[in-house]
Each structure stands twice: as C-alpha cells, then as structure tokens.
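Asks: kindly return the folded structure for what I paste below:
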Amino acid sequence: MSLAPPPASPPQQSAPVPVPAPASAPPGGETAEQALTRALNAAKLRRINEAIGICRDVLAVAPDLPGALGLLGGILGQEGRVDEAIQLLESAVARSPQVANWHLNLCALYRGKNMLDQALRAGLEAVKYSPDTANHRVELALTHLTRGEHQQAGYHFREGIAKEPEAAAPHMGLGELLLAQGEYPPGWIEYAWRNKLEQARGTLPKMVSAPWNGMRMPEGRLLLIADQGYGDMIQFARYIPWVKERVPHLIIGWGPEVTSLLGNHPSIDTVIGKWSEVPPHDAYVLLSSLPQLFHTELHNIPCPIPYLQMDPARVALWKQRLDDALKSDPGKPRRLRVGIAWSGRPTHPNNVRRSMRLQTLAPLLSNTDVDFVALQKPFPDEDRAYAATLPNLLDITGDLENFAETGAVIANLDLVLAVDTAIVHLAGAMGARAWVLVPEPADWRWLVGREDSLWYPSLRLFRQEKPTEWAPVLERAATALKELVAAKARG
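Replies: Numbering: from 1, shown residues only. Next up, the predicted model:
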C-alpha cells in the first residue's frame, strides 16, 4: 500500500509554542518567539535556507530553547536531513514534552529509518498530548501498519475520522487498509477521498461537466481522466470497454504516456494533447473511480488479459534489435532475456521503501546464463558506474520514449523483474510474465500475504517479510531465476 507519509508541512511539523525569551535576544531586537514565527513563515514560503538561518541565530543565543530546536528539527526533517532532525527533535521533547507535533514528526522520522519501537512510542505520545487531531491518529496508524498490526491501524484510522470527519487522510488510510485486506466495497468508499488529500490539491483541472455515476448515456460524450500514477492508469484501463458499453463516445489524453498507451485503444474515440484542447462533453470520470462504479470485488475483478496491445511493427523492430544486441554463442540456445527496473518515481510517497540501488540486485545480476535488459526510466546517475561493470546488462533506456515503446520491448522478453512500479502493471496488462519485488507494507493492490495477483494473473510476488529487508527476497528470486533458466535449457 501506498501508506508512507507525505513530507509534513512546516506548520504541522513544528509551529513554535510560546517560549520565554532568552537572556540575550536574537539580533534585531526581536524576541525569540518573534524570530521563530518569522522562521516559520519563511519555511511556509519555501525559503528554507532563510528559515534555517533564523533558527540557528536563535540557538546561537539560546542553545537549549525548545521552540527553536523543534522548529529546526521539523524543517530539516522535511528536507530529508533525518539524523540531524531526530537529534534536534529529541532535544526539544526532552525539554518540553507536551508539544504533540514534535512527537508526531519523530514518529514519522523514526518509521522512515525503520526504528519501529521508537516510532510507536513517539506516536503514542503525540496522541496523548493531542488526542483529537486526525493527523496524529493517522501517523500512529501508519506506524502500526508498518509493524504489521493491522487491527490497531484500523482503530486509529477510524478514530481520526471520528475526531475530524472531513479530514481526508484517515479516510484514505482506512480505505487502503480495507482494500489490502480484500474488503473492497467499504474500501472503495473510503478510497474515494484520495483526491481530497492535501498533496492532491491542484493536481486536477477544474471540471466543467458533471461527474459520471455509471449511467447509460446513449448519445453521450464522456471524458476519461487518468488521475493518479501511471500504474493506476494501466490497472484501471481494463474498465474502458465496460464504460464504452454505456457511453458511445470516449475522450482521453493530455500527456505522452497516456496517449501512447490508450490513444489507439479500440474503445477510445478522441485523443487530446493537453487540457486546453478538451472538446465539449457531457460528463467526466476518473479512471480510479471505475472499480467502485462497477462494484468490483475480489471475485469479479475484470481480467480480460491481455487488455493492452502493442504495435506489431514496434514489437518486430525491437525483436530484431534485441537479437542483434544479444547474440548467443555459436551452437548454444538463446539465453533467457529478463527486463529489470529497480526504482520508482521519486515523488511517490512510498518510494524509499519500494526502490533500491541497482547493486542491490547483484544476487540476480550475477547469473551469467541470463541477458538482462534495463527498462529503468529514468536511469539513476548513481547506478551507471555499477551498470558499466555488468557485461550481461543491456541498457536501451535512451530509446524508451514512452510506455508503448517499453511494452514493445517487454513483448520480446522472457521475464520482467522489477520493484512495484508501472513497469509491472504494463507487463501484467499485456499478459507477460513478471516477478514483482514487493515491500512491506505493500501497496493495497497486492493484498496481504499473497504470492499471486488477482489483477494480473501473469505476475508472481516476492514479498518482504520485514520492512526494508531485501536480502531474503532477492535470494528467493535468484533461486527462482536459476530454476527458470534450467527449465528453459530442458526445453
């Protein structure tokens, strides 16, 4: 599940509480409280260096001032300087333990470092000092979730809703928990809060038509909106033919990835390049709303695999390119061809847990009976030096302009092996064999404890048993890869 917390904003993280002025006031004649308020306002406006400088000026005069320690810790935590942030926040709560937001941020930072006992204690302290704040309940719930304590997580998500019924975060957290547990009908209800999250504001343009409720519109025109990540777009594209049965004219577009994959879909009538080109239409629907509109449960997930088709000409072109680049030794059969992707979108809230460095895949990449093909876009600069040491890794990523091109490559591979990113959704939608390296806690669509996928029958899941522990996962995958190579050799 996509349940790692987004970076907390400075107001939530570390708003200074009234503190006594130090013996010597900061430069400028203002009080410590006034200086910290100025730092907070600078942080809100993303003038981070200025905010940090003000806090350090205050601490130069009053090194033990809790408000300055807490605010600076919150800002540094938001900027990814985790160890510094933890040290400052620990100092702040040691001197002023009643400030719930400081415990809240310690909870998130501890969890990010997989210090789960400390995270739980901090989360409980945050709720103790601010029991009626939904965000504090959500943070504690996320910690329980990471610890595998689903019942406790559900309790605190519900408590967050009870305290603040219009807060989106506890609704969304509960929704993803229910979906992961296979409780689809109630899960879709809560999942509908996703576009009311703080980080979702402004991501969708203003709609000029009514939302579609699933009704039949015999002469209607419906705008389909790919409202979430590319993986979600691919996953929910399976519903498009069902929509077509109820509305004759479907419109979709804006963005090369959307148009490359869905622009030639047999059920799509109009493709647009950007939002300003949207033609008149009668209603709109978010792709991620379609599972709820069609009353999806575990037993009736539509699986018309494959439901995404690649251009035969591009598939043939890539077959020739791969054959030329991956020539087998004379007299020997073609080696197994495995596409790999090891890192997801950096802005994804769970990216730290789901992604890895290329070198982490060494137990797999050491298999000399396999030709590996990099599908990773973008290819991280920090991985290029290690990639250059791998004679059996082919990097074609410079020619992968969109998912349609990537799909044409996948059609020529024996296996895709990747972390939980859009690549595995694409392989699954094509019916291609793919192995997914799944973090713990997992995204909701992989359910709990399963090694298969009800959404994509061609996928096999290799799951973490404990958060951040990839070594056992890769060992199992490496063994399975050896078995696959042996099976291919036997014919």
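
Asks: show me where the stretch 301-450 of the chain has strands.
Replies: 336-341, 370-374, 393-395, 415-419, 434-438 (DSSP state E, counting those that start in this stretch).

Asks: any idea how far Asn105 is from Pro439?
Replies: Per C-beta to C-beta, to the nearest Å, Asn105 is found 23 Å from Pro439. C-beta: built from backbone N, CA, C; applies to glycine.

Asks: can you check Ala489 too?
Replies: Taking C-beta to C-beta, one finds Ala489 at 32 Å from Pro439.

Asks: also Glu149?
Replies: 17 Å.

Asks: quick one: which of these two has more around it?
Replies: Pro439 (25 against 16; other C-beta atoms under 10 Å).

Asks: Ile225 touches Ser289, doesn't it?
Replies: No - the criterion here is C-beta atoms under 8 Å, and Ile225 misses it with Ser289 at 9.1 Å.

Asks: ends of stretch 334-345, what's the gap?
Replies: 33 Å (C-alpha to C-alpha, to the nearest Å).

Asks: please renumber the chain so that the first residue is 35 from this point on.
Replies: Sure, I'll start counting at 35 from here, so that last one is stretch 368-379.

Asks: report the mean confidence score over it.
Replies: Mean pLDDT, stretch 368-379: 92.

Asks: next: stretch 488-503.
Replies: For stretch 488-503, mean pLDDT is 96.

Asks: stretch 488-502: end-to-end distance?
Replies: Using C-alpha to C-alpha, the end-to-end distance of stretch 488-502 comes to 25 Å.

Asks: same question for stretch 390-400.
Replies: 17 Å.

Asks: can you list the neighbours in contact with it?
Replies: Defining contact as C-beta atoms under 8 Å, 6 or more residues apart in numbering, one finds that stretch 390-400 is touched by 374, 376-377, 404, 406, 410, 414, 416-417, 420-421, 424, 426-427, 451, 453, 471, 504, 508-509, 511-512, 515.

Asks: tell me which stretches of the stretch 285-434 of the chain form helices.
Replies: For the stretch 285-434 of the chain, the helices defined by DSSP state H, counting those that start in this stretch cover 290-296, 324-327, 346-359, 385-388, 396-399, 418-421.

Asks: out of those helices, flag the one nearest Leu488.
Replies: For the helices of the stretch 285-434 of the chain, the distance to Leu488 is smallest for helix 324-327, at 12.1 Å, taking C-beta to C-beta.

Asks: packing partners of the helix or strand containing Val161?
Replies: Per DSSP states H and E, Val161 falls inside helix 150-163. Packing partners of helix 150-163 (3 or more C-beta pairs under 8 Å, 6 or more residues apart in numbering; DSSP states H and E): helix 134-146, helix 168-180.

Asks: dump the ones you listed to CSV, plus mean neighbour count, mean pLDDT and distance to Pro314.
Replies: Listed next are the helices and strands packed on helix 150-163 as CSV, based on neighbours: other C-beta atoms under 10 Å; pLDDT from 0 to 100; distance: least, C-beta to C-beta, whole Å:
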stretch, mean neighbour count, mean pLDDT, distance to Pro314
helix 134-146, 26, 96, 45
helix 168-180, 26, 97, 40
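
Asks: mind putting those helices into TSV with distance to Gly254?
Replies: Below are the helices and strands packed on helix 150-163 laid out as TSV (distance: least, C-beta to C-beta, whole Å):
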stretch	distance to Gly254
helix 134-146	45
helix 168-180	39
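
Asks: what's the domain layout of the protein?
Replies: Structural domains annotated on the chain: 44-234, 244-334, 346-524, as defined by automatic domain parsing.

Asks: could you tell me the least trusted of those?
Replies: domain 44-234 (a mean of 90).

Asks: now that one: how far from the chain's centre is it?
Replies: From the chain centre to the centre of domain 44-234 is a distance of 20 Å (C-alpha atoms, centre = their mean, to the nearest Å).

Asks: can you check stretch 478-497 too?
Replies: Stretch 478-497 sits 16 Å away from the centroid of its parent chain (C-alpha atoms, centre = their mean).

Asks: end to end on it, go ahead and measure it.
Replies: In stretch 478-497, first residue to last residue: 13 Å (C-alpha to C-alpha).
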